[in-house]
Each structure stands twice: as C-alpha cells, then as structure tokens.
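J.: okay, here's the prediction I keep looking at, along with the sequence it came from:
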Amino acid sequence: MRSVFPRAILVAAALAAGCSGTPWNYPYSTADRSEKILYSVFVDRPKHLDPAQSYTTDEAVFTRQIYEPPLQYHYLKRPYELVPLTAIAVPKPQTITRGGATYSVYEIRIKPGIHYQPHPAFNPEHLSLTRSAVAGLRSPYDLPGHTTRELVADDYIYQIKRLAHPSLHSPIFGLMSEYIVGLKEYAERLKKAAKPGEWLDLREHRLEGVERVNSHTYRVTLKGSYPQFVYWLAMPFFAPMPWEADRFFSQEGMAAKNFTLDWWPVGTGPYMLAQNNPNARMVLERNPNFRGELYPSEGEPGDRERGLLDDAGKMMPFIDRAVFVREKEAIPLWNKFLQGYYDMSGIQSDTFDQAVRISVEGESNLTPEMESRGISLRTSIAATIFYLGVNWLDPVVGGTSERARKLRQALAIAMDWEEYLSIFANGRGVPSQSPLAPGIFGYRDGKAGINPVAYEWRGDHPQRRPIEQAKKLLAEAGYPDGRDAKTGAPLVLYLDTTSRGPGDKPRLDWWRRQFANLSIQLEIRETDWNRFQEKLRKGTTQLFIVGWSADYPDPENFLFLLHGPQSRAKNQGENASNYVNAEFDALFERMRNMSNSPERQKIIDRMTDIFRHDAPWIGGFHPKNYSLSHGWLANNKPNEMTDAAFKYWRVDPARRAALRREWNEPVIWPVLLALAALVAAVVPAVLSYRRRERMAAR
C-alpha cells in the first residue's frame, strides 16, 4: 500500500507542471515558439511547382513566394496597379512596322545585383552526377557546395522558351504562340530537336520574338497589339529560369526520385522550398540571398486606420519561415485555428455561424467569441464568376430566335441566385449583373449596373423581377404553363453537372424547384469531371454550370468568354456557351487591345447590353471570400490578383505563444477527481486484502 499515494502525487504534480509551460497538445517543435514563423494549411497537394506549368491557386501559394516575374501588383492599392518587381520599370510597348505588318516591342530592363537562392545546381560539379550518386540522395539539398549567381536577362529568355518545350505542355502556350513572334514555329523545331533521355539545351535554339539586348535587358516582340501582355509579366509563367536548374534536374535518376522543378523550384524570391512532403507538410524558409524589399508607403483610403501602413518603408520580409500542414478535414482545421495553432483560416459552411453574424443590413460581423480572441475578418469579392450557361448550339435554349431568347430571359428572372447564396454559401457572394466582376474596368455598380432583364431598382438596391413577368415571357416564347403551345408536351430541360456524392442532393433539388416555378421539368445529368469537360468540348450540353477566375484585372479576360471565335465546341476556346453575336464579336475586337478610357467604357457598356438582351448566361454570382486571422498576424490584406503576400506579413511570436498557453490550458480537475475516485476505490480493497493475508499467516 505504500506505493499508491506517492504515485498519485507524482501524477498530479506532472499534470500541474504542464500548466505553466508549453501546452500539452502543442503540435510543433518547442524550440520554434519564439521564432517568426507563419503556420498555415494546404488541402490539395500541389501538382506543379514548375512555373511553365503551374496554373492553380493551391500551387500559387508556393510558387508566388519563390519565383519573381518582372512585375507585380501593388499590395495595397485598389484598383490593382502593376509595379516593378525585378524590372526597373513597367515596360511600355513600342509599335513598329515591318514587312507591312505591325508589331509591339516590349523592352524589359532587370535590376542588377539580384541573386538566386543557394542551390546545388549552381555548382558545376553537380551538373554531371552519376546515377548512383543521385540514388543516395533524400533531397537535392543533400549535395554539398550550394552556391548562387546573379539574375540575368538570359534567364527570362530561357523561361519563355520553356513555354514551347515539347514535354512541358504549358497551359498558356496556345495563347502566347498567337502573339510572341515565332513561338509556334519554335515549338515545332524543338519537337524535331528533342531526343528521348537527353537534355534539350534551349540556349542552342534561337527564338525570333525574344532577344537579349545586354546582360540585364531583353526584348519581347508581339504580333499586332496586345496591351494585356504586361499583366502576364506579373505571373510565374514569365519568371526567370536558370539553365543550370533545368540541366541539373534532367540528369539520370532525378525524375525517379521526384527531383524535378515540379517538386523543387529554384528562384530569386524571398523564400525557398526547404521541405516538400505534399501528403503532410511543406516548409518555406527565408532565402538568405534575397536582396530585401521595402514595405509600401501608400495604399487606398482606410489602410492607415487599419494599421496596414505601420510598417511603411521597412525592409521585408518580416517572416523567416512558413510551415504548411496538410489538413483534409474542415473541423480539425477549424479547431486548430481556434487553438491558435494556425495563424489564419477560411470559413466553411459548418462553422460560419460560429464565426460570423450577418446584420439586418446584410453586413458581415464577427461573433463575440471571435472578437474576444482578437480575431480579424477580411472580406473581398473575388475576380471570379460562376454562371449557369446555355449551349448556343442547342435547338431549344440556344440560338438567336425570339422563342429561345424569351425562354432564356424567363429563366434569368426565375433563377433566384440570392436564395442560392443564402442557402448554400451563407450569403458569401454577389449575384452577377454582367459578365464582369467587381473591381474590373468596365464594371458598373449601383443603379447604372443592374441587369434590367432580371432586375429593377427599388429604393437603394436591385430587386429581382417578380415570377409573373418570367411566366409572361415564357408564354410569349411558346411555352404557357411550361408546355409547348403547339403540341401540349411539357417542356423538359437538361442540366449537366459533375457528381460529388449524396451531399449534392439538396443543391440539385433546389435547381429543380427553380425550374418548377415556371412549370418546367428539369432533368439533372450527373457525370464525372472528365466526362463533363468532354461534353463541353463537343457541345453536347444544354445547360451547365461553370466558373472562371480572372488571370489579370482587365475586361478582356472576362468578355472573351463570350467571343464567338473562342467557341469551345468549334475552336476549343474558353467560350463554353459557344455564343455568337456578330456585333458583340466586332466590338470585342475593338475593345480588347484598347487602353482604359471613356471610349473603351462606352464599348463595354454596349457589349453588356447585348449580353443582357441575348442572355447566353442565365445569371450567376461572384463569390465573396472570407478570411480570418489572429491578432498577432499583421499586414494581412486580401489581394485577388496575387498570392505573393507572405513577404508583407508580420507575426508577433510572443503574443502568439502567450495566447496559445491561455487557450490550451488543460482542465485538470476531472483527471484529479477521477484519480481521487480511483484511490478511494482501491484503498479499501487493498486494506481488506492485506488484512486477510495477515489473518491467513497467523
């Protein structure tokens, strides 16, 4: 019996000791508690980290911190403004005429003194490794002798050439080959020059439209005029690629160990990828060779009051490391955010009510629980549109007939996108009134911006037209009460969509109810993503739901979704509706290469009127992004055009550590109570047992 009480005391002492130090559930190294580290999550494993191929937001979280294209977007200013990054200035095109054709020439001058991250590829000894030497590596960084070199113009030229590499399949090659002089022909030459198993040295193959002026200047020549090209110069597609990195990762045995640019990027940015386990954990560490960059000294109205200019003029980056943990489930992610183990979080539908309250006026505010924790809410309208598309090739809903047009307009009134957002997105979105997203030049707000086909202005806000007006249009289209006036047959329409499981049933039932409001029968044709894309390519859909996120903040990047020559079924373009209108197409050709001006706005207004009249899209919405961050994370401002934000952010590790201890202090009394109950139960039994033993001994 002598051991019972000392053990209980030891257990209680251990429990009490945990209260004063690191929380028991602390998921990171205790040595990192005082470090300037960002803790975040990723859900989907990135597939491509090679800037020639990467084109998704889950990849951009990493590539944007590592690669540096010539330009970037001003972090604070709105509307979005291009500013230099590695370039000395934003290039302005020079128009030249040659052989009767017009060309635009962009001359880009790069700042001297920029260096790459330390990497074994810059050590000449590592460009001729044996297969056995590669086989013994766990990471490319296991090789000794990491070094660097200066960024030069040839690195940007090399990357542009990689867009045409036969084994990379860059998603923007098709578009760029229409503009960059000689790029299409260059791709054909590379196909002939490429040999299986051998490195293709792009330095040996000249590209006509891209030339070196000097060590820090290069020119890009485009066919005709394409003002939007400068926006592409702010994307990783046009970031530099040192030939040494391409050569290094092409060595025998590298690809078998996932030693490729898709896994191990090489850049000049503020961070470098130090750990890559896309199934569990990825770590960015500060690039010791980064030159530094000054935090912006100006922004938009209200930024100073929000503390976003407190670090004006200070050298960035402020964070030394970013740790990303893969979280596949929303609830564990949310709980760890509330415990302080992640610095920021989005808001899922299941946790929305816990985080946000919507006022009578429709404004989003944090709940008292979130406010008590010092959590901040940031919202922004995404430069994205989701829409219910009509296949213009379909004989029932498509085409230019009055019958089909009035049917589409009736549907545009009947589809209650406000209700959709309220039910399925916690109100996180804005119903679309035109093809353009808010914040894009040409977008009109307020009364001047409503779609008069589906809305009317009431007081200070748009109001969806009553369903009776939709029914009237439907009757005029020849379908009174949802039946063909000539045959009496019920009108049946078909919605193609991707299947995501039983959880989609409420959403699909909602769609059926919307059409039922007009006595139209809706048949849902569910399929997988690949089959859905195939139907779009072949033009065999009738109605479908898709989305588009802007690559750059220009109206051309939205309006081309309705440009006839961009038809998905006919030309494999991005016009998934296969919409054709001669006037719209002619106006688009005039508008696409214009600079922003009152004249361009006038053209866009007319294009918008045509779109509303023809109704190739039955409405849609722009999602509203909600982001939560803890009070110890500063300078967090949503930027819908870029994910290159980490260098601006700042953390207060001392405040974070203190709040983590407070929020994760263990509740000991239930354990002590259980322990006391255990002791109370055991002691009489032990005493009784020993009493019997002594009696037996006698």
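T.: Yep, that arrived.

J.: surely Ile358 and Ala425 touch.
T.: No: at 11.9 Å, Ile358 does not count as touching Ala425 under the criterion of CB atoms under 8 Å. For the C-beta atoms, the positions are set from N, CA and C on the backbone; glycine is no exception.

J.: which non-adjacent residue is nearest Arg162?
T.: Distances taken as CB to CB, 6 or more residues apart in numbering place Ala52 nearest to Arg162, at 4.5 Å, with adjacent residues excluded.

J.: pull out the buried positions in the helix of greatest length in the chain.
T.: In the chain, with assignment by DSSP state H, the single longest helix is helix 669-697. By neighbour count on 16 or more other CB atoms under 10 Å, the buried set for helix 669-697 is Leu675.

J.: quick one: mean pLDDT for that helix?
T.: The average pLDDT within helix 669-697 is 71.

J.: helices or strands up against it?
T.: With contacts taken as 3 or more CB pairs under 8 Å, 6 or more residues apart in numbering; DSSP states H and E, helix 669-697 sits against helix 4-17.

J.: which other residues reach the helix or strand following the helix it packs on?
T.: Per DSSP states H and E, the first helix or strand lying C-terminal to helix 4-17 is strand 37-42. Strand 37-42 has contacts (CB atoms under 8 Å, 6 or more residues apart in numbering) with 28, 58, 61, 282, 319-327, 333, 341-345, 633, 646, 649, 651, 653.

J.: can we see that at 6 Å?
T.: With contact meaning CB atoms under 6 Å, 6 or more residues apart in numbering, strand 37-42 is reached by 319, 321-327, 333, 342-343.

J.: run through who's touching whichever strand or helix holds Glu662.
T.: Here Glu662, judged by DSSP H and E, is contained in helix 653-663. Helix 653-663 is contacted by residues 23, 33-34, 339-340, 632 when judged by CB under 6 Å, 6+ apart.

J.: which strand is the longest one in this structure?
T.: Scanning the chain for the longest strand, with DSSP state E as the assignment, gives strand 617-629.

J.: might you calculate how far it sits from the centre of the chain?
T.: 13 Å (CA atoms, centre = their mean, to the nearest Å).

J.: which is the next helix or strand following that strand?
T.: Going down the chain from strand 617-629, the next helix or strand is strand 633-634, by DSSP H and E.

J.: and for that following strand, what are the contacting residues?
T.: 343, 650-651.

J.: and those residues as CSV, adding neighbour count, pLDDT and secondary structure?
T.: Formatted as CSV, the contacts of strand 633-634 follow (neighbours: other CB atoms under 10 Å; pLDDT from 0 to 100; DSSP: H, G, I helix; E, B strand; the rest coil):
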residue, neighbour count, pLDDT, secondary structure
Asp343, 23, 96, coil
Arg650, 19, 97, strand
Val651, 21, 97, strand
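
J.: got a markdown table for those, with distance to Asn530 too?
T.: Compiled in a markdown table, the contacts of strand 633-634 are given as follows (distance: CB to CB, whole Å):
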| residue | distance to Asn530 |
| --- | --- |
| Asp343 | 37 |
| Arg650 | 43 |
| Val651 | 42 |
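
J.: just curious, which of those residues is nearest to Glu252?
T.: Asp343 (41.7 Å; CB to CB).
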